[in-house]
Every structure is written in structure tokens, then in C-alpha cells.
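*Asks:* Build me a structure from this.
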Amino acid sequence: MSAPADGLPPLRDVIARHEIAARKSLGQNFLLDLNLTAKIARAAGDLSRSTVLEVGPGPGGLTRSLLAVGARRVVAIERDVRCIAALHEVAARYPGRLEIVEGDALTADLATLAGAGPVRIVANLPYNVATPLLVGWLTAEPWPPFYERMTLMFQREVAERIVAAPGNKTYGRLGVLAQWRTEPRMLFDIPPQAFTPQPKVTSTVVDFALRAAPLASTAGKLERVTAAAFGQRRKMLRQSLRGLFADPAETLAALNIVETRRAEDLSVAEFVSLANALA
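*Replies:* Numbering: from 1, shown residues only. The predicted structure is shown next:
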């Protein structure tokens, strides 16, 4: 195997030297192919004027690619202390451009860590926290958020839920929240054999461009409506929304939504209308 173009050791050597065995409890699956990490970094667009927030960098494969393609600054947030020394080696190769934060992205103040200027979130998200992280970023208040774009990798089944259209069996709460404020787009798959250890599922990179003018509502109300509707997705709306509205049939009629429809048939705009009808 030829030496990586950035002059740093191959990732397999880094993992062996620092004894970083992937932990299932942390949702870790390391992507060691620097050609693939470079493909993800390029998919994020021109990063030369941006701060990139990377969650779960692990031994630093994607981190190296983000810096190699010209990211102005990368802030890497890693909760696994075993990876920190390896990331410092990357920081030494790119002086002043990589900041390493040892912490949990679920509780960290990412806006403060990113600082001023254009911010993009680019990450191979740990499987076990990918959905809660995404929901948090999609429901940020106030909106527009501190970031201007996201390029994220998920299990393919999660990616399909994110982009699913009404009427699709995978369409649900996550799709509504994602499509309300962003325009999510599946870019390309990465096969299981590209990872160490090899997961049982294919992964997919998804790009999230912010909508210029998302429909006006509040995240809290939309989350309540989608939770109720999809929590009983096989029931008609007049039944599934009973816990939210005193008379669901009356509310639905006022919004020109047929009461016998089910959650999976409603558009994002119709869910926003329901959310805005909440007291």
C-alpha cells in the first residue's frame, strides 16, 4: 500500500500504534479508505472559508481529508480519549487548522465551539447517536441555525427515512423534520467492507441544504404533532390526534385535511398547518 498523500501514516498503522479498537458501545466503525474519506470531504463543497464541525472523528481519517481538501478550520469533537493522541498528530501536520475537543457532541455547545463565520457540519456519525444529533440540529431555535450546510453519513435505512416522500412506507417523523427546514439529498453509498469492524449494513452520505424560506412554525409544535400522528400511524388522523386537539375532526376540517387520512399520507406543509393549529 502506498503512503498517504498527506505524509501521515496509514490509518491501520495509527489504530494499531494507539490501540484504538472500535467499541460497539460508542457506535464506532472506522472508515480507513482515504479515497472514500476524500470523496466525502469533496461532497461537502468548497470549505476554504468555512469552519467544519466534525463529530466522532475517531482516528482521524475524515479529519485528514477535510484538511487536505482545504478546510479553513476543523473542530473535531471526540468523546473517546483513546483517539485524542492520534488526532493531535493530525493537528501537528496542519498547524493552526485543527482544534480537538474531548467531549460529547450531544451536550456540547457546538455554536460556541464553531465561533464566527460560515460553519458546516461534516461527519461520519456514530451509529448510536446519529438520529438524536440530527434531530437536535434540525430543530434548533432560533432558525436559521449557526451552520449553513450539513454533509453526514448514516446507515442507509436512516438515510431513506430522511428523504422519504409522503406515501412511502419509510416516511415518518424524521423525514418531516428534515424536509421542513432543509432539502436532504442522498449522495452515494459506502459498502460495509470499507469499515473496520465491518457493519451489517450499507452506509449512505446525505447532504442537507438549508431551505431559503422554510414554512413558519416552531420545532416544538411540529415534534408534538408528528410524534402523535406517527406514534399511531395505522390509525386515521381523527383518532391519532385525539391527545392534541379537543376535536381533531373539527381541526382537520378547518385545515381542509380529510379526517380519515393517515400520517404517512400528509405532506410536510400539512403537518406544519396542524402544528400551527395547536393551542
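
*Asks:* Output the below-cut-off pLDDT ranges for this structure.
*Replies:* Low-confidence segments of the chain (pLDDT under 70): 1-3.

*Asks:* how many neighbours does the residue nearest to residue 232 when sequence neighbours are not counted have?
*Replies:* Taking Cβ to Cβ, 6 or more residues apart in numbering, and ignoring the residues beside it in sequence, residue 232 has residue 240 as its nearest neighbour in space, at 4.0 Å. In this view, the C-beta of every residue, glycine as well, is placed from N, C-alpha and C. The tally of other residues near residue 240 (other Cβ atoms under 10 Å) stands at 20.

*Asks:* who's in contact with residue 240?
*Replies:* For residue 240, the contacting residues are 228-229, 231-233, 262-263, by Cβ atoms under 8 Å, 6 or more residues apart in numbering.

*Asks:* any chance of those residues in TSV, with distance to residue 141 too?
*Replies:* Rendered in TSV, the data for the contacts of residue 240 read as follows (distance: Cβ to Cβ, whole Å):
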residue	distance to residue 141
228	20
229	22
231	23
232	27
233	27
262	29
263	24
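
*Asks:* By neighbour count, which of those wins?
*Replies:* The most crowded member of the contacts of residue 240, judged by other Cβ under 10 Å, is residue 263 (26 neighbours).

*Asks:* what's the distance between the residue nearest to it when sequence neighbours are not counted and residue 106?
*Replies:* On the basis of Cβ to Cβ, 6+ apart, the spatially nearest residue to residue 263 that is not a chain neighbour turns out to be residue 229, at 3.7 Å. In this structure, residue 229 and residue 106 are 26 Å apart, going by Cβ to Cβ, to the nearest Å.

*Asks:* Pretty sure residue 44 sits against residue 123.
*Replies:* No - Residue 44 sits out of contact with residue 123 when judged by Cβ atoms under 8 Å, with a separation of 10.0 Å.

*Asks:* Now residue 20: closest residue in space that isn't a chain neighbour?
*Replies:* Leaving aside its chain neighbours, residue 20 sits nearest to residue 82 (5.0 Å; criterion: Cβ to Cβ, 6+ apart).

*Asks:* Doesn't that neighbour belong to a helix?
*Replies:* Yes - the assignment for residue 82 (DSSP: H, G, I helix; E, B strand; the rest coil) places it in a helix.

*Asks:* And it, how far from residue 91?
*Replies:* Spatial separation of residue 82 from residue 91 under the definition Cβ to Cβ is 16 Å.

*Asks:* go on, residue 35?
*Replies:* Using Cβ to Cβ, we find residue 35 at a distance of 23 Å from residue 91.

*Asks:* Over to residue 97?
*Replies:* According to Cβ to Cβ, residue 97 and residue 91 sit 8 Å apart.

*Asks:* Quick check, residue 56 in contact with residue 87.
*Replies:* No - the pair residue 56 and residue 87 fails to qualify as a contact (Cβ under 8 Å) at a distance of 11.4 Å.

*Asks:* residues shared between the contacts of the two?
*Replies:* Taking Cβ under 8 Å, 6+ apart as the criterion, residue 56 and residue 87 both touch residue 78.

*Asks:* Secondary structure class of residue 245, three-state.
*Replies:* coil.

*Asks:* Can you tell me the SS state at the nearest residue to it once chain neighbours are set aside?
*Replies:* By the measure of Cβ to Cβ, 6+ apart, the closest residue to residue 245 outside its immediate chain neighbours is residue 251, 4.7 Å from it. Secondary structure assignment for residue 251 (three-state DSSP): helix.

*Asks:* Can you give me the neighbour number for residue 251?
*Replies:* Neighbours around residue 251, by other Cβ under 10 Å: 20.

*Asks:* Now the element after the helix or strand residue 209 falls within, going C-ward?
*Replies:* When elements are assigned from DSSP states H and E, residue 209 belongs to strand 203-210. Sequence order places helix 219-231 as the next helix or strand after strand 203-210, per DSSP H and E.

*Asks:* buried ones in that following helix?
*Replies:* The neighbour-count check on helix 219-231 (16 or more other Cβ atoms under 10 Å) flags 219, 221-226, 228-230 as buried.

*Asks:* One more: stretch 41-57?
*Replies:* Of the residues in stretch 41-57, those with enough neighbours to count as buried (16+ other Cβ under 10 Å) are 41, 44-45, 47, 50-57.

*Asks:* which ones among the residues you listed are found in strands?
*Replies:* Among the buried residues of stretch 41-57, the members falling in strands (DSSP state E) are 51-55.
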